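Peer 1: Turn this into a model:
(chains A and B)
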Amino acid sequence: MLQKRMALVAGPLGHLALPGIALALLYGFNVSLGAFPFIILGIILIWLFELRTKLPMEVLTAVVFASGVAISFLFLPIKQAEAALIGDISKVGSWETIISVILSILLFFIVRKIFPKMTLINISEDLAKAEGINVKKYNFLYLGCVAIIVALGVKLVGGLLTVALVAIPAATARNLSRNIKEYSFFALFLGMFSAVLGIFLFKISQFSAGPMIILANTFFFLISVFFKRS
Amino acid sequence: MNGDTILKVDNLRVEIDKKKVIENLSFEVKEKETLVILGPNGAGKTVLLRTLLGLVPYRGDIKWRSGIKIGYVPQRLPLIKDIPLSIEEFFNLKKTSTKEILELLDSVGIKVPNVLKRGIGDFSSGQFQRILVAWGLVSNPRVLLFDEPMAGIDIGGEETIYNLLEKLKKERDLTILLVTHDLSIVYREATNVLCLNKKMLCYGLPREILTPQNLSQLFGGKIKFYQHKDAKSIYT
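Peer 2: Have a look, this model is predicted:
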C-alpha cells in the first residue's frame, strides 16, 4: 500500500468502518461484517471525490475519516467504544478465527498473483497500459483486497488503528530492503511478528491487544530507522 | 497504406478536461525515419505520444502498420523511487529472459558488474534513461516512441544518448518518433520535423522548416538561429 501512497488512505478506511462497527455492536452481529459495507462505501466515496475534485488524497481522506468517526458516535454504545475504536481480541471466537485465517490465506494468494502487474501499475499506469494491462480491473481487485483486509483488521485493532496494521510493517520493510522480494518478505514477516508480539504483551500485561500490536510495529519501525540502508 | 508507411495520422483531435490539446493533426511516418516532434512545453507533445500508444481517447484516425511492435520510452518515472526494485525485477515485470536483459543493457551502454541485482535507485539519471531505453526495446519493437530524452540531463549525457540512438537505429532498423522542445536535436537526428503547438505548424525537412518565422510562430517571441560550423545548432 505504501507503493501507491495509499498508506494514508487505509487510515480513513478504518475510521469509515466505524459506523458499521457501531451498528454491529449495537445489534450484536459480527463486527467485520458490519464494517465491510461501510469500507466499500468509503472506497467508492474516496474514488469519486478524487475524480470530481482535484484535491489531494490526504485532504479528502481527512474529510472522510473525521465524518466517519463523528457519524459512528451518533449511535455507538459507549460501553463498547473501546472495542470499536481499538479492537478487542478477547471477543474473537473460534469460528471467526478460522474464517479470518482462510480469508487471509486466500487473499495472500490473490495478492501474490496480481503483484507483478500491480507493481508495474504503481510505477507507471502508462507503461502498464502500454503492456496491455487492464489497469481499472487490477485497481479494483486491489481495492477489494484492501477492503477485506481492513474489515478483518478492525476486529483486531479497531477502526482507529487499522492504518498502522497496513502502513507500519510496509514502512519498516522499506527501510530494510533493497529489492522487491526482500520488501514483500520483510513486510509480511514484520506484520505477523508484531501481531504475535502484541498479543503476547497483551497476555502478560493488562493492556489491550490492539494498541500493543501497534506499538510492537512501531518498535520495529524505530529500529529500522536506526539501521536504514542508505 | 503505402508499402513503407508505418504510421498514418489523419485529422487527430484530442480533448482533455474539455480543453483542446491537439487540433486537426495529420502526418505520416515512413519506415526507418526519425520524426522529431518539436514544440514548446505544454504543446501537447507528450499527449500525442500517449495518444499514438492508445492511452488517450481521441477523435480522428490513427493507423499503425498492422502487427507492428511499438516500444515506449517515457520521460521519467517519478514513482519508481518509492519502491525498492532491482534491475532484474524491473525487467521481469515485462517477462524478459536474463539473456535478453543483459544483451539489452549492454547495447544501451550499461556496463556495470552484477547489474541484475543492483537497485534501480543506484543509477544516475543518465544511466536510468538508458535503462528505460532498454526497457522500451524488450521484445524488439520496430518503432520507438521517445519522450523528451534530454529532460534534466547534462550536456555530457546528451551527447551519448544521441550516439546511442544513432547506433540503435543502425543495428535494429528502428523507426523513431522523438519528442523534444530542444531545437539543437533536430538538425542532428531528424529525417523530418513536425512542429507542434496544439496544431501542426510545420512539417517537413529540418533544413526547409526551421526558418526564423516558423520558429517564432512555434515558440512565440523572437528567435535567432545560428548554425555552428560543425553542424551543431544553437539558438537564442
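
Peer 1: Now the closest residue to chain B within chain A: closest residue in space, sequence neighbours ignored.
Peer 2: Per CB to the nearest CB, A:Asn179 is where chain A lies closest to chain B, at 3.9 Å. From N, CA and C alone the C-beta is placed, and that goes for glycine too. Once flanking residues are discounted, A:Asn179 sits nearest to B:Ser86: 3.9 Å by CB to CB, 6 or more residues apart in numbering or on different chains.

Peer 1: Phi and psi next, for that neighbour.
Peer 2: Note on B:Ser86: backbone dihedrals following degrees, to the nearest 10 are phi -90, psi 160.

Peer 1: same thing with B:Leu201?
Peer 2: Main-chain torsions, B:Leu201, degrees, to the nearest 10: phi -100, psi -20.

Peer 1: residues contacting it?
Peer 2: B:39, B:195, B:214, B:217-218 (CB atoms under 8 Å, 6 or more residues apart in numbering or on different chains).

Peer 1: give me the number of residues near the residue of chain A closest to chain B?
Peer 2: Applying other CB atoms under 10 Å in any protein chain shown, we find 19 residues neighbouring A:Asn179.

Peer 1: Does it touch B:Ile120 like I think?
Peer 2: No. Contact criterion CB atoms under 8 Å: A:Asn179 and B:Ile120 do not qualify, at 9.2 Å.

Peer 1: How many residues are close by the residue nearest to B:Thr191 when sequence neighbours are not counted?
Peer 2: Excluding the flanking residues, the one nearest B:Thr191 by CB to CB, 6+ apart is B:Glu33, at 4.3 Å. B:Glu33: 21 surrounding residues under other CB under 10 Å.

Peer 1: Enumerate every residue touching B:Glu33.
Peer 2: B:6, B:175-176, B:191-192.

Peer 1: same thing but 10 Å
Peer 2: Shown in contact with B:Glu33 (CB atoms under 10 Å, 6 or more residues apart in numbering or on different chains): B:4-7, B:143, B:169, B:174-177, B:190-192.

Peer 1: Could you identify the least confident member of those residues?
Peer 2: The weakest per-residue confidence within the contacts of B:Glu33 falls on B:Ala190 (82).

Peer 1: Check which helix or strand the residue nearest to it when sequence neighbours are not counted maps to.
Peer 2: The shortest distance from B:Ala190 to any non-neighbouring residue, by CB to CB, 6+ apart, is to B:Val36 (3.9 Å). Using DSSP states H and E, B:Val36 falls within strand B:34-38.

Peer 1: now do A:Asn139
Peer 2: Assigned by DSSP H and E, A:Asn139 belongs to helix A:135-176.

Peer 1: Quick check: phi and psi on the residue most central in space within chain B?
Peer 2: For chain B, B:Phe146 is the residue whose C-alpha lies nearest the centre (CA atoms, centre = their mean; 1.7 Å). The phi/psi pair for B:Phe146 (degrees, to the nearest 10) reads phi -120, psi 110.

Peer 1: same question, B:Leu93
Peer 2: Main-chain dihedrals, B:Leu93, degrees, to the nearest 10: phi -60, psi -20.

Peer 1: residues in contact with it?
Peer 2: A:115-117, A:119-121, A:123, A:127-128, A:131, A:133, A:180, B:85, B:135, B:138.

Peer 1: Could you report the neighbour count for A:Gly20?
Peer 2: A:Gly20 - counted by other CB under 10 Å - has 27 other residues nearby.

Peer 1: let me fix that: A:Gly132
Peer 2: What A:Gly132 shows, counting by other CB under 10 Å, is a neighbour count of 7.

Peer 1: Surely it forms part of a helix?
Peer 2: No. Read with DSSP: H, G, I helix; E, B strand; the rest coil, A:Gly132 is coil and lies in no helix.

Peer 1: For it, grab phi and psi.
Peer 2: Dihedral pair for A:Gly132: phi 80, psi 20, per degrees, to the nearest 10.

Peer 1: Low-confidence ranges, chain A, go.
Peer 2: Counting by pLDDT under 70, chain A contains low-confidence ranges at A:1-14, A:46, A:50-51, A:53-58, A:61, A:83, A:89-92, A:229-230.

Peer 1: which residue ranges form the strands in it?
Peer 2: Listed in chain order, chain A contains no strands at all (DSSP state E).

Peer 1: same deal with chain B?
Peer 2: B:5-16, B:19-30, B:34-38, B:59-64, B:70-73, B:143-147, B:175-180, B:192-197, B:199-204, B:225-227, B:233-235.

Peer 1: What is the neighbour count of whichever residue of chain B sits closest to chain A?
Peer 2: Using CB to the nearest CB, B:Ser86 is the residue of chain B that sits closest to chain A, at 3.9 Å. Residues lying near B:Ser86 (other CB under 10 Å) number 21.

Peer 1: pretty sure it contacts B:Phe123?
Peer 2: No. Assessed by CB atoms under 10 Å, B:Ser86 is found out of contact with B:Phe123, at 11.3 Å.

Peer 1: what is in contact with the two at once?
Peer 2: With CB under 10 Å, 6+ apart as the test, B:Ser86 and B:Phe123 both reach B:Val115.

Peer 1: show me the contacts for B:Leu25.
Peer 2: B:9-14, B:44, B:48, B:51, B:58, B:60, B:62, B:194, B:196, B:198-200, B:203.

Peer 1: Neighbours of A:Thr218, how many?
Peer 2: Residues near A:Thr218, counting by other CB under 10 Å, number 15.

Peer 1: tell me the angle the strand holding B:Val36 makes with strand B:5-16.
Peer 2: 20 degrees (axes from the mean of the first three to the mean of the last three CA atoms, to 10 degrees).

Peer 1: Now that B:Ile83 has come up, it's in contact with B:Glu89, right?
Peer 2: Yes. Taking CB under 10 Å as the definition, B:Ile83 is a contact partner of B:Glu89 at 9.3 Å.

Peer 1: if I look at the two, which residues touch both of them?
Peer 2: A:119, A:179-180, A:183, B:119-120.

Peer 1: Among those, which ones are in helices?
Peer 2: Using DSSP state H, the members of the shared contacts of B:Ile83 and B:Glu89 that fall in helices are A:119, A:180, A:183.

Peer 1: And the shared contacts of B:Ile83 and B:Glu89, which of them are buried?
Peer 2: Buried subset of the shared contacts of B:Ile83 and B:Glu89 (neighbour count, 16 or more other CB atoms under 10 Å in any protein chain shown): A:119, A:179-180, A:183, B:119-120.
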